[in-house]
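[1] Could you work out the structure for the sequence below:
(one chain, ligands or ions: 2)
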Amino acid sequence: MSRIVIIGGGPAGYEAALAGAAYGADITMIDSDGPGGACVLWDCVPSKTFIASTGIRTDVRRARDLGVQVQVDASHIDLPRIHQRVKDLAFAQSADIRARLTTEGVKIVAGRARLAQTQPGVGAHTVVATLTDGSEQEFEGDVVLISTGASPRVLPTAVPDGERILNWRQLYDLEVLPEHLIIVGSGVTGAEFAHAYTELGVQVTLVSSRDRVLPHEDEDAALVLEDAFSERGVTLIKHARADRVTRDETSATVHLADGTTVTGSHVLMTVGSVPNTDGLGLDDAGVATDRNGYVTVDRVSRTSVPGVYAAGDCTGLLPLASVAAMQGRIAMYHSLGEGVSPLRLKTVASAIFTRPEIANVGVSQKAIDAGEYPARTVMLPLKTNPRAKMSGLRRGFVKIFCRPATGVVIGGVVVAPNASELILPIALAVENKLQVSEVANTFSVYPSLSGSIAEAARQLVRHDDLD
Ligand SMILES: Cc1cc2nc3c(=O)[nH]c(=O)nc-3n(C[C@H](O)[C@H](O)[C@H](O)COP(=O)(O)OP(=O)(O)OC[C@H]3O[C@@H](n4cnc5c(N)ncnc54)[C@H](O)[C@@H]3O)c2cc1C
Ligand SMILES: NC(=O)c1ccc[n+]([C@@H]2O[C@H](COP(=O)([O-])OP(=O)(O)OC[C@H]3O[C@@H](n4cnc5c(N)ncnc54)[C@H](O)[C@@H]3O)[C@@H](O)[C@H]2O)c1
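    Numbers count the residues shown, from 1 in each chain. Ligands and ions are numbered 1, 2, ... in the order given. Model prediction:
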């Protein structure tokens with residue numbers, strides 16, 4: 001029986017453990033935080049739970065347009081209750097994962113692990129874990145999976161103190177809402193929290209180092225979000241780099257590179273993440289990392305050392321829970337000699353949980369515009385959709401991209417309140433190489449927002465006829 005030692009119990013680690021256990025491997029998973037890892041305990045699950053509470057005010061605000069008078073300002077935000085719910089749900093999810101792993105026979109060890117020894121040519125690896133009581137324990141693995149995730153990047157001149165200067169993991173310990181929250185960094189994390197706090201009625205200033213929010217996402221989608229932010233009173237400072245952050249008893253100030261400052265009650269740093277690869281013994285073991293410390297892997301999750309695999313955020317390929325889980329499963333199938341398809345990032349669907357949500361899959365508009373992929377594209381605003389009109393939706397669109405000659409769908413973007421759900425038909429088309437005509441000829445419910453996906457596909461088909 002193969003002995004597999006997994007370091008890190010996030011989606012990469014625990015999904016790998018379940019996959020390996022299903023094939024009868026002897027699995028030990030060592031994690032310092034708890035099953036589910038940072039994804040479940042501090043990052044993805046807490047932020048989405050928090051956003052679920054904040055979204056209620058959006059619905060209340062919109063009620064007036066639909067003829068229902070509700071006083072948004074009269075609503076009381078029970079912040080301790082919201083935060084407790086976030087924490088309870090995260091711990092409950094972690095407990096569920098622990099129960100499932102235990103049922104499948106995975107041994108879970110609480111501790112911090114490192115690669116202790118590798119003997120070139122010998123097909124076994126030793127991992128040493130420092131357990132919670134300070135003692136050390138050794139584990140032998142025929143295969144080791146490194147899935148240690150990442151942590152919030154800290155600027156040395158803006159070190160979070162958990163009081164006025166915060167990272168996203170410290171937000172749920174605040175006892176009162178910030179009066180004015182300055183968010184440094186306008187990537188996905190910054191945008192999601194800008195949305196959430198604005199919905200809670202907090203004054204938000206977003207400091208963006210680029211010319212727009214979400215610099216890596218679809219430009220049309222980012223512009224819709226900027227428009228929504230501006231309507232809700234978010235101040236966006238563009239082309240601005242934070243040099244340092246200072247604080248006093250009642251406020252915090254961001255000092256920008258151009259010499260100007262912006263002062264608020266709190267500052268949230270969302271300037272990216274760094275891989276948790278220090279102290280893992282990777283150099284001594286000969287496991288190659290890049291200059292930013294990410295473990296170098298191929299498309300079946302192999303590192304430079306035979307028998308040592310890596311998956312998830314510590315590889316820096318695409319920091320999403322779904323990708324981490326897939327990398328972890330692929331590592332197990334490959335190491336156990338099972339049939340495995342190499343990782344394909346071009347079919348990954350992802351979403352940004354703002355209002356409206358932004359979801360995308362496959363090839364991006366930017367890559368098409370740059371000539372990297374020949375494609376025909378369509379962009380259909382949602383405002384012509386009957387269901388959108390009924391719900392009072394003013395913003396949003398559907399984009400579909402297909403190959404010019406074959407009509408095979410290669411990507412798409414949806415901007416809508418529930419875009420994270422609506423992206424699936426396009427993701428199915430991309431994954432299965434369906435043609436736009438197949439999407440166009442699929443019955444959609446009338447009236448529904450998904451009707452716009454079929455309609456967008458029909459427009460591409462019509463265009464096809466003209467070619
Ligand atoms: C605010 C935020 C929101 C996000 N929202 C989403 C989302 O909505 N959807 C999505 O798909 N992705 C989201 N992500 C990304 C997602 O959280 C990550 O891609 C995912 O957590 C990666 O999983 P992982 O298994 O690689 O690592 P992690 O989840 O980071 O887990 C790694 C675990 O390993 C532990 N560990 C580290 N070093 C050691 C060691 N030496 N020994 C033992 N254990 C160790 C860590 O403590 C941690 O528990 C979000 C990220 C952030 C920051
Ligand atoms: N909904 C989701 O799926 C979700 C949510 C959050 C994060 N994530 C994942 O995490 C990844 C990382 O996202 P992120 O937003 O945490 O990090 P990021 O690296 O994408 O964004 C950080 C931003 O901060 C800016 N920045 C850095 N230093 C700065 C400074 N001194 N002053 C001003 N701006 C500065 C960077 O230019 C960058 O735009 C995402 O690409 C995504 O894969 C996913």
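
[2] And Gly392, how far from ligand 1?
    Relative to ligand 1, Gly392 is positioned 26 Å away (CB to the nearest ligand atom, to the nearest Å). Every residue, glycine included, has its C-beta placed from N, CA and C.

[3] Quick check: what element follows whichever helix or strand Lys366 is part of along the chain?
    Per DSSP states H and E, Lys366 falls inside helix 365-369. Using DSSP H and E, the next helix or strand after helix 365-369 towards the C-terminus is strand 376-381.

[4] Quick check: buried residues in that following strand?
    Using 16 or more other CB atoms under 10 Å as the test for burial, strand 376-381 gives Arg376, Thr377, Val378, Met379, Leu380.

[5] Setting aside sequence neighbours, what's the nearest residue to the second one?
    Looking back up the chat, that one is Thr377. Nearest in space to Thr377, with sequence neighbours left out and distances taken as CB to CB, 6 or more residues apart in numbering, is Phe401 at 4.9 Å.

[6] so does stretch 293-311 get close to ligand 1?
    No - Stretch 293-311 does not reach ligand 1 (CB under 6 Å from any ligand atom); its nearest approach is 6.6 Å.

[7] can I get the CA coordinates of that stretch in PDB?
    Output of stretch 293-311 as PDB, limited to C-alpha atoms (Å, rounded to 0.1, in the frame of the first residue of the first chain):
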ATOM      1  CA  GLY A 293       9.100  31.200  -3.500                       C
ATOM      2  CA  TYR A 294       6.300  29.300  -5.400                       C
ATOM      3  CA  VAL A 295       7.000  25.600  -5.900                       C
ATOM      4  CA  THR A 296       7.600  24.800  -9.500                       C
ATOM      5  CA  VAL A 297       5.300  22.000 -10.800                       C
ATOM      6  CA  ASP A 298       4.300  20.500 -14.100                       C
ATOM      7  CA  ARG A 299       0.700  19.800 -15.200                       C
ATOM      8  CA  VAL A 300       0.500  16.600 -13.200                       C
ATOM      9  CA  SER A 301       1.700  18.400 -10.100                       C
ATOM     10  CA  ARG A 302       5.200  16.900 -10.000                       C
ATOM     11  CA  THR A 303       8.000  19.000  -8.500                       C
ATOM     12  CA  SER A 304      11.700  18.600  -9.400                       C
ATOM     13  CA  VAL A 305      12.100  15.800  -6.900                       C
ATOM     14  CA  PRO A 306      10.600  12.400  -7.900                       C
ATOM     15  CA  GLY A 307       7.900  11.400  -5.400                       C
ATOM     16  CA  VAL A 308       7.400  15.000  -4.200                       C
ATOM     17  CA  TYR A 309       4.300  16.700  -5.600                       C
ATOM     18  CA  ALA A 310       2.900  20.100  -4.900                       C
ATOM     19  CA  ALA A 311      -0.600  21.600  -5.400                       C
END
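
[8] ok, and for it, which residues are buried?
    For stretch 293-311, a neighbour-count test (16+ other CB under 10 Å) marks 293-295, 297, 300-305, 307-311 as buried.
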